[in-house]
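Trainee: based on what follows, work out the 3D shape:
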Amino acid sequence: MIFRELFKRFWLIFDVFCYILAFSFINFGIFQLNSVAGFISLGITFAITGFASELINYRKGGGK
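Mentor: Residues are numbered from 1 along each chain as shown. Predicted structure coming up:
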């Protein structure tokens, strides 16, 4: 039972870590191509992250 909970938490942290790394490398690569495209990429990244956080908050029923 305790190992199952630890495993769930580990995967949750691992998923968030991979999400952050993926968007970091994508944004870094686009900044290497062009700074304007890099800022557009950052805007898209923040929009996706904001939408995902709102979706998670809505699913859990928070903020009511």
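Trainee: so where is the chain shaky, pLDDT-wise?
Mentor: 61-64 (pLDDT under 70).
Trainee: center of it - which residue?
Mentor: Nearest residue to the geometric centre of the chain (C-alpha atoms, centre = their mean): Tyr19, 4.4 Å.
Trainee: give me the buried positions along the helix or strand containing Phe28.
Mentor: Assigned by DSSP states H and E, Phe28 falls within helix 2-33. Neighbour counts over helix 2-33 (16 or more other C-beta atoms under 10 Å) mark 23, 27, 30 as buried. Every residue, glycine included, has its C-beta placed from N, CA and C.
Trainee: quick one: which of the residues you listed is nearest to Ser41?
Mentor: Closest approach to Ser41 among these (C-beta to C-beta): Ile30, at 4.2 Å.
Trainee: quick check: the closest one touching Ala37?
Mentor: Yes - assessed by C-beta atoms under 8 Å, Ile30 is found in contact with Ala37 at 5.2 Å.
Trainee: show me what contacts Thr45?
Mentor: Neighbouring residues of Thr45 by C-beta atoms under 8 Å, 6 or more residues apart in numbering: 23, 26-27.
Trainee: same thing but at 10 Å, please
Mentor: 22-24, 26-27, 30 (C-beta atoms under 10 Å, 6 or more residues apart in numbering).
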